[in-house]
Structures are given as C-alpha cells and as structure tokens.
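> Need a 3D model of the following:
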Amino acid sequence: MKRKVFFLLGAAVLLTCIFLWDKNGKKTLNQDKSDNYVQSTGQNMTENQDYQINNVPMSQEEKERNMEELFAVAKKCKSIYSVADKGKSINITLDEQVVHRMVEKAAEDGKAVICGSHDANMINYEKVHESLQKAERGERQETEFYEINASGIFRRYILQFQEGRLVVTLAEAGLDSSLTLQPSQMEKIEVYDWKYTDKGWLIWEKALSKNQEMDMHVFYRILPLDETCREIGNKYINPVSYYGNNLFLEDWNQDSMDKIEFNDLIDNLYVMYMGKRLDAEKFSKGIPKKIFEKVIGNYFDISIRQIETYARYDEKKKKYPWSPIGWWNRISQFYPFSEVVKCVENGDGTVSAYVEAIFVEEGTDCSFRHIVTLREDENGNWIYLGNKVDRKDALQIPRYRARREYEEHSDSSY
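Okay, the predicted model is just below:
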C-alpha cells in the first residue's frame, strides 16, 4: 500500500515537471511576463502583459522641456482665457468658440493644434499627416501636436515611431485662478497598438482594453473635414446624435414620420432651438402644446395634425406627454459620436449628409453609416426630411427603446 502511494506521488511530481518544462528545459507555463513580451505589436504577449501600460522612463530634462513647450502655448492663450466665461460650477467649462480662438492663437507659429471636442479641424496638420504616412511604411518618425479642450486643459503629444512601434509622450497642464500653469499629468508609454485610418483618424490603444468600461483607446482626427460637412454636422447631426432618441436609428421619410419618437427627440431639439435644456420640474406634467409644436415645426416639414397624432397630444391637458431621460428609462450602453464625411446636393434643393459613427470603445472610425436628407428653408434653417441606415455593413448600431414603453411595461426585463 505504501509503495503504491509513493509511486503515485512520484508520478504526480514527474508530470508536473514535464508540464512546466519542455524538452529544451524552457518554461512553458507560468513564464516570467518579460519572456513573452513583444513590444507594441500585441503579438505573442501574455494575457496579463497585454492589459498593462508599458511605461517608458523619462529624464528630468525631458520632463522640463515638455513643460516649457506647453507653457509657451498656454502663455499665448492667456489673454483669451482670462476674460472667458468659465461657467458657474467648480469645474471649468469654456464655450467651444472660446476654445477655437485659443486653438487658432496657439497655432499662429505653425504648431499643429486641435480642439478636444472633435468639432473643428486640426490647424497645421500637414506635417503630422506626412509623418504618419511614413510611419505606416515602417519609417522612423517623430512628430507632435497640441490639444486644448473646454475644461481649460492644455496637452502636448510627442509621437515617436520606429519599426511599426509607437511611443507617446503626454504632457498635460491647466491654468489656475492666478493664470499660472499647473502640471497635472506627465507620461511616456509604448502603446499596445495604433493605426492611421484612410479617413484620417489616428487611433492608438494605450494597453489592451479589458472591456468598454476600461477602454484604452485615444482618437484624434488629423485630416480636415470639408467645412460644409463640419457645419451641418455641428449644427444638425451631432446635437441630436444617438442618445435617447431614434431620429438617426430608423429608416424614415416624409411619408413615414410616424416612426420618429418625437416625445423623446424633443429633448435635443429644444436645446438646439432654445439654447437650454428642458426643465424637468417645470414640464413634469407634460410640455404645453404651443412650445412643443413650435420646436418640432422648426425642424420638420410637418402639420400640426401630424404632430398631434405622432406625439400623442392630450386634448384635455393641452399638453404633450414627456419624461426626462434617466437610468430607469433607457438602455444602458456606450454610444458612438457622429461625423458627417460627405455632403451631396441632390439638384432638388435637398442635401444628403453621409454620416459615419465613430465608436471610441470599439476602436473604430465607423461602427455604422446612415444618410440624412435635409433642406434649407427660406429663413436659412435646415429641416430634416429623412434618414436611411446601412444595416448590412454595420458593425454595431445603438439599441433604442422609447421611454413611454418603460412606463407601459414597468415589469419589463429592460
């Protein structure tokens, strides 16, 4: 009996040794992470290593030089920043037009500078674009650009490419109440992966993203968009987008506007028309007929009778039903943001805006496409005439459920 026990124990030890060591004496399990690490390409890396940011050491001289360059950019913008309205909350919120003026000022000496809100073209993009094209061919390159965002944050990015690998240096700082630049972040990393898309989006992933909530993607558009596309996108596509409404998620035209959930869409259109959000307390019992119809009528070629029918007008209350959006009446998901990539005049006074959805969490500059048809009226205002979604080639389209359905089916699994 003892011999049998010792035999089994010996066999177990032997099998363990064979499992951990191959015939050449090399580890095949529980390897040291550095044994398997292949820089930046993401190939043949251990799972644990994939998820870790690969930091690169920085000298004190390098850190100081980065801050000096960033300070020089911030200094040029001080005169604009100092008199700008920064909002009423603790966190600074600058108007986008103020940010754009700061970007223009910072770019006066030829630096490549971009607004952090993706709503304006990078100024002086040419050198960055040229370097990225060469880097794609495997050439050794170094380039840089600056970002200024609505929070009053200044960033400097240095991109160093070698044999397909990318090292990114980031210096970040903000101006305090005394207009003194305060550093907030300094890092140098070799990214897990990067690409420069045909549309002109530079995308890198700092480390492999475990899931959408722990996303590591960074997106910057280098190539400029057509100004007409920018204008239509900024004024009529991006403010509506895909959150909390279905205007751009359904196929509809002038004969099928009943597919639009106007009672949810009113949130976005009200902000576009009035310049402020709907007051949830004030309109808790519904939106008055005159207000609702005025806002909807400003953006659609639609009759009062149609609005009453499609938006379920309550004749007794003289109001349209409305509920503010919250966690309890929406689908929890990540959303892409929209970008108009082409505008085509159709010859009948209408324009087709070709829209592609940029999905940061999925690491793609096009998760799905749709075409929005618009027409400019006599007052210079654009009205929506239709939408067509390309479902065949879509990677991912946001899901949608009308808020009223949550009230009608409160016991739903949604």
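> Which SSE is immediately downstream of the longest helix that the chain contains?
The residue-count maximum for a helix in the chain (DSSP state H) belongs to helix 60-83. Going down the chain from helix 60-83, the next helix or strand is helix 96-106, by DSSP states H and E.
> where exactly do the helices run in the stretch 251-400 of the chain?
262-274, 289-299, 304-310 (DSSP state H, counting those that start in this stretch).
> Could you work out which of the ones you listed reaches nearest to Pro336?
Pro336 lies closest to helix 262-274 among the helices of the stretch 251-400 of the chain, at 15.9 Å (CB to CB). All C-beta spots, glycine's among them, are computed from the backbone N, C-alpha and C.
> Okay, angle between the longest helix of the chain and helix 96-106 too, please.
Following axes from the mean of the first three to the mean of the last three CA atoms, to 10 degrees, one obtains 130 degrees for the angle between helix 60-83 and helix 96-106.
> contact partners of helix 60-83?
Outside helix 60-83, the residues that touch it by CB atoms under 8 Å, 6 or more residues apart in numbering are 94, 98, 101-102, 105-106, 108, 111, 113, 146, 148, 152, 154-156, 158, 169, 171-173, 175, 179, 181, 183, 186, 188.
> Swap in 10 Å and give it another go.
58-59, 84, 92, 94, 98-99, 101-109, 111, 113, 144, 146, 148, 152-156, 158, 169-175, 179-181, 183, 186, 188 (CB atoms under 10 Å, 6 or more residues apart in numbering).
> Please spell out the PyMOL selection for the buried subset of the residues you listed.
The buried residues among the contacts of helix 60-83 can be selected in PyMOL (16 or more other CB atoms under 10 Å) with this line:
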select buried, resi 84+92+94+98+99+101+102+103+105+106+107+111+113+144+146+148+152+153+154+155+156+158+169+170+171+172+173+174+175+181+186+188
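> Can you name the residues that contact Phe359?
Here Phe359 is in contact with 212, 217, 219, 334-337, 365-368, 395-396, 398 (CB under 10 Å, 6+ apart).
> Could you do Ile158 as well?
Going by CB under 10 Å, 6+ apart, the list of residues near Ile158 reads 62, 66, 69, 142-145, 167-171, 188.
> Let's have these in a markdown table, adding pLDDT and distance to Glu408.
Putting the contacts of Ile158 into a markdown table (pLDDT from 0 to 100; distance: CB to CB, whole Å) gives the following:
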| residue | pLDDT | distance to Glu408 |
| --- | --- | --- |
| Glu62 | 95 | 61 |
| Asn66 | 94 | 57 |
| Glu69 | 95 | 58 |
| Glu142 | 98 | 59 |
| Thr143 | 98 | 55 |
| Glu144 | 98 | 55 |
| Phe145 | 98 | 50 |
| Val167 | 98 | 54 |
| Val168 | 98 | 49 |
| Thr169 | 98 | 54 |
| Leu170 | 97 | 49 |
| Ala171 | 96 | 53 |
| Lys188 | 97 | 54 |
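> Looking at these, which are in helices?
Glu62, Asn66, Glu69.
> on that earlier part again, next, report how far the longest helix of the chain is displaced from the centre of its chain.
The chain centre lies 26 Å from the centre of helix 60-83; the measure is CA atoms, centre = their mean, to the nearest Å.
> Where does pLDDT dip in the chain?
1-47, 409-414 (pLDDT under 70).
> Which among the ones in helices among the contacts of Ile158 count as buried?
Asn66, Glu69.
> Next one: the nearest residue to Asp95 once chain neighbours are set aside from Gln97, what distance?
Take Asp95 and drop its neighbours on the chain: the residue closest to it by CB to CB, 6 or more residues apart in numbering is Asp85, 6.6 Å away. Note on Asp85: its distance to Gln97, by CB to CB, to the nearest Å, is 11 Å.
> Then Gln160?
For Gln160, the distance to Gln97 - CB to CB - is 34 Å.
> So the two - more neighbours on which side?
Remark: of Gln160 and Gln97, Gln160 carries more neighbours, 18 against 10, as counted by other CB atoms under 10 Å.
> SS state for the more buried one?
strand (DSSP: H, G, I helix; E, B strand; the rest coil).
> For it, give the beta-bridge partners.
Glu142, Val167 (DSSP bridges).
> list the contacts for it?
With the criterion set at CB under 10 Å, 6+ apart, Gln160 makes contact with 56, 135, 140-144, 166-169, 188, 190.
> Just give the number of residues close to the residue nearest to Asp95.
Residues lying near Asp85 (other CB under 10 Å) number 9.
> surely it meets Glu96?
No: the criterion here is CB atoms under 10 Å, and Asp85 misses it with Glu96 at 12.0 Å.
> Could you give the secondary structure assignment for Pro239?
Per three-state DSSP, Pro239 ends up coil.
> what's the burial count for the nearest residue to it once chain neighbours are set aside?
Of all residues not flanking Pro239 in the chain, Met272 sits nearest, at 5.1 Å (CB to CB, 6+ apart). Around Met272 there are 14 other residues, counting by other CB under 10 Å.
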